[in-house]
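Q: build me a structure from this.
(chains A and B)
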Amino acid sequence: AQSVAQPEDQVNVAEGNPLTVKCTYSVSGNPYLFWYVQYPNRGLQFLLKYITGDNLVKGSYGFEAEFNKSQTSFHLKKPSALVSDSALYFCVLNSGNTPLVFGKGTRLSVIA
Amino acid sequence: DAGVIQSPRHEVTEMGQEVTLRCKPISGHDYLFWYRQTMMRGLELLIYFNNNVPIDDSGMPEDRFSAKMPNASFSTLKIQPSEPRDSAVYFCASSLGSYSRYNEQFFGPGTRLTVL
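A: Next up is the predicted model:
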């Protein structure tokens, strides 16, 4: 069965510091992995995706994510956090034959 | 492009009333998805359409829920009769392509439904 785990409900980071939001997955076939962000009272917005190829994926707003097949992880990273990055982040798995599997979300709080 | 449009943005109704949520997907997109988001259950897929045809409605919680897509530019999600436990934010999303599983979905702003 496909699954996605976001082990942290909340991540706090100081502005200017690097941030990491963790995600691990389980799938029997090839994983197609996405990160979405949800700002308050808004719908989800696509940040980046891994389909194949380079394990380091760059996305919107300076975010990037590293696909690690051996650790079955797809952590979201940013070198320098901004207060405006504070939002709810979802890791999403698409195994290709079933609807998307969403993680529970991680709330990122960037403190000035 | 206006993005995915949902209406109304907020709906407050009384238990037992019929509720209709509306969605206009991005022009040209051939997949449309309805989701429900609550604090307790997170984001749940209710149903999705491909080229206006319902493909998977296994996420629809019960017969009180129904969804239609009469044409490529319009979809509705109806709850009849509504119950307090239906209170949630309902999102519509659309995506493009026969390899839609590779493609990102574009979400609307959501409808916040409160059933009293």
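
Q: separation between the residue nearest in space to the middle of chain B and B:E62?
A: With distances taken as C-alpha atoms, centre = their mean, B:W34 lies nearest the centre of chain B, 2.9 Å away. B:W34 sits 15 Å away from B:E62, going by C-beta to C-beta, to the nearest Å. The way it works is simple: take the backbone N, C-alpha and C, and place the C-beta from them, glycine included.

Q: on that earlier part again, was I right to think the residue nearest to the centre of chain B contacts B:C92?
A: Yes - under the criterion of C-beta atoms under 8 Å, B:W34 makes contact with B:C92 at 5.8 Å.

Q: might you name the residue of chain B sitting closest to chain A?
A: B:F107 (3.3 Å; C-beta to the nearest C-beta).

Q: B:Y90 contacts B:F107, correct?
A: No - at 11.1 Å, B:Y90 does not count as touching B:F107 under the criterion of C-beta under 8 Å.

Q: give me the number of residues near the residue of chain B closest to chain A?
A: Using other C-beta atoms under 10 Å in any protein chain shown, B:F107 has 23 neighbouring residues.

Q: okay, the residue nearest to it when sequence neighbours are not counted and A:G29: tell me how far apart.
A: Sequence neighbours aside, A:G43 is the residue nearest to B:F107 in space, at 3.3 Å (criterion: C-beta to C-beta, 6 or more residues apart in numbering or on different chains). Going from A:G43 to A:G29 by C-beta to C-beta gives 28 Å.

Q: what about residue 86, how many residues nearby?
A: With no chain named, the answer covers chain A. 17.

Q: chain B was what I was after
A: Neighbours of B:D86 using other C-beta under 10 Å come to 21.

Q: for it, which non-adjacent residue is closest in space?
A: Once flanking residues are discounted, B:D86 sits nearest to B:V115: 5.2 Å by C-beta to C-beta, 6+ apart.

Q: repeat for B:F91
A: B:Y35 is the one closest to B:F91 (C-beta to C-beta, 6+ apart), at 4.4 Å.
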